[in-house]
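K.L.:
Sequence first, predicted coordinates after that:
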Amino acid sequence: MTNRSSAALSDPGLVRSVNQDSYHIDPQKRFFIVADGMGGHAGGEEASQIAVKTIQNYIDTYWHTETSSEELLQAAIKQANDNIIADQYTHPERADMGTTCVLVMFRNGQSWCAHIGDSRLYRFRDKSLEQITEDHTWVARAMKMGDLSEEQVKTHPWRHVLFQCLGRKDLRQVDVSPIDIQPGDTLILCSDGLTEEVSDAEITSYLLEENLEREEIVKNLIEAAKQAGGSDNITVVMVTED
């Protein structure tokens, strides 16, 4: 039986006074969630917390049912979206709040990923880092279509513009898919506070450092993002299949 270990850390960064990121590690290591809120101090913080709590409760409630894992994740995220919208109606001052979300779930011998927005999932295998999720941003879509280069994306004024996030009535189908996880693989779930400041190559270099505990690696990644500017909240969740 595979053992799974994890470490996580969230930091407000050097510019923001409030941390609008939220994360959850299931005590049984069955699922892991990162959410990055937006929409003002109170709004972003509230949106990410609603998303994480709703998804956590939904998965816990329906874990042992016959519901397929894909349906479970779709329904959990839809419920999170509905709960954020309900809160917007109750608190008009938070009407523009929303949140990204990325999560990994291990159920019935399979591994699943669900995401919306630009929080990311990476897989580190054989000393190589691969981004599993596709950012739901205008620039990522433009790059995929060949309209923007990778270099142009890094500095484009619209690079933070999302075309999907939680907290919107027009939410479409969320990206839910099985992922290949093998013993020895490491997963990184993170908000864009990390990836805006630290390149994939730099993330790889920290993961390659030997004789470091997961907690130290996560802390080093957070510190690297802060040293590079720390312009946003930074959250990193690291999961290893031992």
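P.N.:
Good, I have the coordinates. Quantities reported herein were computed from a predicted structural model and do not represent experimental measurements.
K.L.:
Glu66 - how many residues pack around it?
P.N.:
6 (other Cβ atoms under 10 Å). Bear in mind the C-beta positions are built from the backbone N, C-alpha and C, glycine included.
K.L.:
Please report the distance of Val174 from Glu71.
P.N.:
12 Å (Cβ to Cβ, to the nearest Å).
K.L.:
neighbour count winner among the two?
P.N.:
Using other Cβ under 10 Å, the more surrounded residue of Val174 and Glu71 is Val174, with 19 against 13.
K.L.:
do you know how far the more buried one is from Thr65?
P.N.:
In terms of Cβ to Cβ, Val174 sits 19 Å off from Thr65.
K.L.:
Pretty sure His115 sits in a strand.
P.N.:
Yes - assessed with DSSP: H, G, I helix; E, B strand; the rest coil, His115 lies in a strand.
K.L.:
Let me see the contact set for it.
P.N.:
Residues near His115 by Cβ atoms under 8 Å, 6 or more residues apart in numbering: Thr100, Cys101, Val102, Leu103, Leu121, Thr133, His136, Val174, Asp175.
K.L.:
And for it, nearest residue in space, chain neighbours not counted?
P.N.:
In space, and not counting its chain neighbours, His115 is closest to Val102: 4.1 Å by Cβ to Cβ, 6 or more residues apart in numbering.
K.L.:
Next up, phi/psi of that neighbour, please.
P.N.:
With angles defined as degrees, to the nearest 10, Val102 sits at phi -140, psi 140.
K.L.:
and it, how far is that from Val236?
P.N.:
Look at Val102 and Val236: by Cβ to Cβ, they are 12 Å apart.
K.L.:
got it, and Gly37?
P.N.:
In this structure, Gly37 and Val236 are 16 Å apart, going by Cβ to Cβ.
K.L.:
Looking only at neighbour counts, state which of the two leads.
P.N.:
Shown here are Gly37 and Val236; by other Cβ under 10 Å, Gly37 has more neighbours (33 against 27).
K.L.:
correct me, but the more buried one touches Asp21?
P.N.:
Yes - counting by Cβ atoms under 8 Å, Asp21 is a contact partner of Gly37 at 7.0 Å.
K.L.:
what is in contact with the two at once?
P.N.:
By Cβ under 8 Å, 6+ apart, the residues touching both Gly37 and Asp21 are Ser48.
K.L.:
For Arg123, list each beta-bridge partner.
P.N.:
Note on Arg123: beta-bridge partners by DSSP bridges are Glu130, Leu187.
K.L.:
Let me know whether it touches Cys113 as I believe.
P.N.:
No - if you go by Cβ under 8 Å, Arg123 and Cys113 don't touch, sitting 9.5 Å apart.
K.L.:
Which residues are in contact with each of the two?
P.N.:
Common neighbours of Arg123 and Cys113, using Cβ under 8 Å, 6+ apart, are Ile132, Ile179.
K.L.:
Give me the below-cutoff pLDDT ranges for the protein.
P.N.:
Within the chain, the stretches with pLDDT under 70 are 1-2, 41, 138-153, 155-161, 173.
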